[in-house]
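**Q** pasting the structure only:
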C-alpha cells in the first residue's frame, strides 16, 4: 500500500532593496520549513533592487538548492511580484511572506498545518490576538481598521476573514487557477478572497513586528491602489449579482 505524495509548497518572497533583511529572513524561513514533511521551495522575486539584494540571494542559494531567484527588471508592485512568483512553480500550495521580518517565519508550520487539515486558505492574522500591533502608531492602526471595514461588503460569506489585508498567507493553487488578479497595489489577499474558489478559511494569530532595517515601500499610491481595487471588486460583485438576476 502506497501513501499519496505530500503536497508541494512554494513560498514567494517579494523584494525591493531588502539587503539589510534578506539573509536573515531566508535563514529563518529555511529553519521553519526544514522539519516539515513536505516538499518546498522559496522563490525570491526581486524588482531589480539597486542595493545588492539579488547578489545576497544568489550567495545564499548556492548552498540551498530549494531557493530560486527571479528578477523583474522593468516592473514594480507587490501584488504583481507575488503573481509572477506563483507562475514560476507547479506547487499545489502557494504562499507569500514579506522580506522585512515583520512577518515571523515561525508561523509557517501553523499555516501549513491548517492547509493539511483541509483549509483552502490559511491567513496569518493581525486581528486575532490582543496587542498584536503594539509597534504601530495610532494613525496607522486607525487607517488599518478603516481599510478592513471598507473591505467587509466585498467578502463572500463563505470566505470571510478577520484580516483580509494580510500579506502573509497560503492558498491552494486549485482555488485560484485561471483567475486574473490586479498586478498593481499591495492587497492581493482581498482579491483572492473575493474571486477565488475558496470555501474554507483558517486564520492563525501572529504578532506583527516593526521593521528594523530598510525602508517601507508603502506611500500615498498605496491608498490609491487600494481604492482602485475596492472599486473594481465592487463593480465585479454588482455585475455578477445583476447577471444572476
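**A** Great, that's in hand. From a predicted model like this one, the values you see are computed outputs, not experimental measurements.
**Q** give the contact list for the closest residue to residue 19 other than its chain neighbours.
**A** Counting by C-beta to C-beta, 6 or more residues apart in numbering, residue 51 is the residue found nearest to residue 19 once chain neighbours are left out, at 4.4 Å. For every residue, glycine as well, the C-beta is placed using N, CA and C. Residues in contact with residue 51 (C-beta atoms under 8 Å, 6 or more residues apart in numbering) are 17-19.
**Q** how about the spatially most central residue of the chain, phi and psi?
**A** By C-alpha atoms, centre = their mean, the chain has its centre lying nearest to residue 96, at 3.5 Å. The phi/psi pair for residue 96 (degrees, to the nearest 10) reads phi -150, psi 140.
**Q** on that earlier part again, three-state assignment of the residue nearest to residue 19?
**A** coil (DSSP: H, G, I helix; E, B strand; the rest coil).
**Q** confirm that residue 123 sits in a strand.
**A** Yes - counting by three-state DSSP, residue 123 is found in a strand.
**Q** please, which helix or strand holds residue 202?
**A** Taking DSSP states H and E as the criterion, the element that holds residue 202 is strand 201-205.
**Q** same check on residue 41?
**A** strand 40-46.
**Q** counting by contacts, list what the next helix or strand after that strand packs against.
**A** Using DSSP H and E, the helix or strand that directly follows strand 40-46 along the chain is helix 53-61. Judged by 3 or more C-beta pairs under 8 Å, 6 or more residues apart in numbering; DSSP states H and E, helix 53-61 is in contact with helix 22-33, strand 40-46, strand 67-71.
**Q** quick one on the thing from earlier: other residues contacting the strand holding residue 202?
**A** Residues contacting strand 201-205 (C-beta under 8 Å, 6+ apart): 107, 110-111, 114-115, 117, 119-125, 128-129, 132, 159-163, 193.
**Q** swap in 6 Å and give it another go.
**A** 107, 110-111, 114, 119, 121-125, 128-129, 159, 161-162 (C-beta atoms under 6 Å, 6 or more residues apart in numbering).
**Q** low-confidence ranges in the chain?
**A** 1-5, 130-141, 210-212, 214-222, 235, 237-245 (pLDDT under 70).
**Q** let me see the ranges of the helices in it.
**A** 22-33, 53-61, 78-86, 108-116, 138-151, 173-176, 188-195, 220-244 (DSSP state H).
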